[in-house]
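> Give me a 3D structure for the following:
(2 chains)
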Amino acid sequence: MSQGALPGFRDFYPEQMAERNYLMKVWRDVAARYGFVEYDGPPLEPLDLYKKKSGDEIVGQLYTFTDKGDREVALRPEMTPTLARMVAAKANALRKPVRWFSIPQLFRYERQQKGRLREHFQLNVDIVGEISAAADAELLAVAIDVMRGVGLTAADVRARVSDRRLLAAVLLVSGVAEDELAGVYGAIDKMGREPRTVTEDKLRAAIGNPDATAKLVSTLDSFGDLDAIGSRFADSPDVLDQVERMREYLRFLAALGVGEWVDFDLSIVRGLAYYTGKVFELFDASGEFRAICGGGRYDDLLSTIGGVDMPALGFGMGDVVLSELLRSRRLFPPPGRGTEYWVAAEDETMLADVMSVAGRLRAKNRSVEYALRSQSLSRQLKQAAGAGVESVVMLKRDDYSRGNVTVKTLSDGAERSMTFQSLLDSLR
RNA sequence: GUGGCUGUAGCUCAAUUGGUUAGAGCACCGGUCUGUGGCACCGGGGGUUGCGGGUUCAAUCCCCGUCAGCCACCCCA
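Have a look, this model is predicted:
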């Protein structure tokens, strides 16, 4: 076996490159449809940029090294800190709200698994400077429209939405202490993937007040039902206020035409510590793959990183899981047509004539190939068929000396004789 | 980083429960069909059986290590 790429890194052969280009085109088209403009930043950043946001423990999961100028640097594991820096630097000059997107290649030093490599491309879409839930709805609609753009339906993919503030209100009203919230978040985040008894044990361990635990456990069944949450906590103004905000969000999503993709699910927490409000994840409905996309509101990050107080929200959608899903559903488009014309000569001494014809066709913006050495006509046609060209321009010695060529259509074998000039004239 | 499963040509798989020059199909390259392709036929390249060690008269097959892949944990981009 030859040694392949480094673990978790990919070689993109033409076939995979076509898939990657297709996906990126959909990403760009959909983002543009919503008025987002593309930006990019450096793939290498100061290590401090990530420490500032996530603390020192994140360093173990990054590609880091000391450069020749003695700087601690890291390959970017995510785009948001870079975005925050860039926006903060020009905060006053930018028209608000900022609607930017990017498709960075990101790196993470972790053991690879299906759907999770050490390198991937990720669509990042962010809105900065807008607190309205309309912005949250707009953001999720972009992610869902990408699903539509690649041919997936609301039966294939579900968007699960929640809000940190609603969850916090429910927990606090139930009697969970402020400093216990983080531990409870962890247990709730996993409740969809673990037996209920495990979740209950974790809650008991995380919460000091037994009454609070009992109340919470009895509420878990209602986590997917916003109305049930509302009626269960009807005596809590804090919860009701958040329930009403969630209803507004869901109304906006329906207005944007993506309501049928969305499920309310209070157990969506998202791991990142910086999310402050609405959060969402996109999953394939069969549960076969990892999350396709995750995002939400992170109103405090700009001030943490850039020293500018601006509300912000965004999502990341990686190419790995989505590509796996599209491959399994056979949704990648068939390879596009490659070369249009193949120039072949009946006479093996005519290679220079072949090149001349190819050159003039290329000057007309046509893609043209030919055998790079003199070969039998049989051989040339075989190569033309292998290359998948539509037409072969055949040069026969006597004919060509009078300015004539024969154009053969490979699909039906039909041949037409014409002057080369008329062929050129027919091409705009 | 921890644990489990797996590892034979580019791909999919064989190889009498250790037995001697590791095979086939597809793919690729070339040839014939006496200069018009996709068919058919013929031929060719390509494996130190992931790598290293051990047991044995003998290892693709058994044991250990290592690397890689897959899965779970961790963690989430």
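
> Residues in contact with the lowest-mean-pLDDT helix or strand in chain A: which ones?
Sorting the helices and strands of chain A by mean pLDDT, DSSP states H and E puts helix A:47-54 at the bottom, at a mean of 82. Residues outside helix A:47-54 that contact it (C-beta atoms under 8 Å, 6 or more residues apart in numbering) are A:58-59, A:62, A:64, A:72-74, A:77-78, A:80-82, A:85, A:273-274, A:301, A:304-305. In short, each C-beta sits where N, CA and C put it, glycine included.

> how about a cut-off of 6 Å?
Residues outside helix A:47-54 that contact it (C-beta atoms under 6 Å, 6 or more residues apart in numbering): A:58, A:64, A:72, A:74, A:81, A:305.

> Export only the CA atoms of that helix, formatted as CSV.
Taking C-alpha atoms only, helix A:47-54 is exported to CSV below (Å, rounded to 0.1, in the frame of the first residue of the first chain):
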residue,chain,number,x,y,z
LEU,A,47,-3.0,30.9,19.2
ASP,A,48,-4.3,33.5,21.6
LEU,A,49,-7.3,34.2,19.4
TYR,A,50,-8.7,30.8,20.3
LYS,A,51,-7.5,30.8,23.9
LYS,A,52,-9.4,34.0,24.5
LYS,A,53,-12.6,32.4,23.5
SER,A,54,-12.4,28.9,24.8
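
> give the contact list for A:Gly41.
A:Thr82.

> now swap in A:Arg160 and tell me
A:263, A:265, A:268, A:281.

> can you pick the most crowded of those?
Among the contacts of A:Arg160, A:Ile268 has the most neighbours (other C-beta atoms under 10 Å), with 26 neighbours.

> how close does that residue sit to RNA strand B?
12 Å (C-beta to the nearest atom of the strand, to the nearest Å).

> Are we agreed that that residue is in a helix?
No: read with DSSP: H, G, I helix; E, B strand; the rest coil, A:Ile268 is coil and lies in no helix.

> That one touches A:Ser162, doesn't it?
Yes: counting by C-beta atoms under 6 Å, A:Ser162 is a contact partner of A:Ile268 at 4.0 Å.

> Residues that sit against both of the two, list them.
A:Val279.

> And the strands in the stretch 201-350 of chain A?
A:262-264, A:278-284, A:293-297, A:312-318, A:341-345 (DSSP state E, counting those that start in this stretch).

> And for the stretch 1-150 of chain A?
A:37-38, A:44-46, A:64-66, A:72-75, A:98-102, A:105-107, A:119-128.

> Lowest average pLDDT across the ones you listed?
For the strands of the stretch 1-150 of chain A, mean pLDDT drops lowest on strand A:64-66, to a mean of 90.

> strands paired with that strand, and their directions?
strand A:72-75 (antiparallel) (DSSP bridges).

> For the spatially most central residue of chain A, which non-adjacent residue is spatially closest?
Averaging the C-alpha coordinates of chain A gives a centre point, and the residue nearest to it by C-alpha atoms, centre = their mean is A:Met317 (3.3 Å). Taking C-beta to C-beta, 6 or more residues apart in numbering, and ignoring the residues beside it in sequence, A:Met317 has A:Cys293 as its nearest neighbour in space, at 4.0 Å.

> what sits against the one you found?
A:143, A:282, A:315, A:317.

> If we use 10 Å, what do you get?
A:122-123, A:125, A:140, A:142-144, A:146-147, A:157, A:159, A:280-283, A:315-318, A:321-322 (C-beta atoms under 10 Å, 6 or more residues apart in numbering).

> How about A:Ala143?
A:30, A:123, A:125, A:157, A:159, A:258, A:261, A:280-282, A:292-295, A:315-317.

> Residue ranges of each domain in chain A, please.
Following automatic domain parsing, one gets these domains for chain A: A:14-328, A:341-426.

> okay, these, which one's buried deepest?
domain A:14-328 (a mean of 18; mean count of other C-beta atoms under 10 Å).

> Bridging across strands, which residues link to the closest residue in space to A:Gly316 that isn't next to it in sequence?
Leaving aside its chain neighbours, A:Gly316 sits nearest to A:Gln122 (4.9 Å; criterion: C-beta to C-beta, 6+ apart). On the basis of DSSP bridges, A:Gln122 is bridged to A:Gly318.

> so A:Gln122 makes contact with A:Gly314?
No: using C-beta atoms under 10 Å, A:Gln122 is not in contact with A:Gly314; the gap is 11.1 Å.

> any shared contact partners between the two?
With C-beta under 10 Å, 6+ apart as the test, A:Gln122 and A:Gly314 both reach A:79, A:102.

> quick revisit: out of the contacts of A:Arg160, which is nearest to A:Leu181?
A:Ile268 (15.5 Å; C-beta to C-beta).

> Could you measure from the closest one over to A:Glu15?
Relative to A:Glu15, A:Ile268 is positioned 35 Å away (criterion: C-beta to C-beta, to the nearest Å).

> ok, now A:Arg402?
From A:Arg402 to A:Glu15 the distance is 43 Å (C-beta to C-beta).

> what's the answer for A:Ala154, then?
30 Å.

> Over to A:Gly4?
16 Å.

> And A:Val173, by the same measure?
55 Å.

> how about the residue nearest to the centre of chain A, what does it touch?
With the criterion set at C-beta under 10 Å, 6+ apart, A:Met317 makes contact with A:23, A:27, A:103, A:121-125, A:142-143, A:146-147, A:282, A:291-295.
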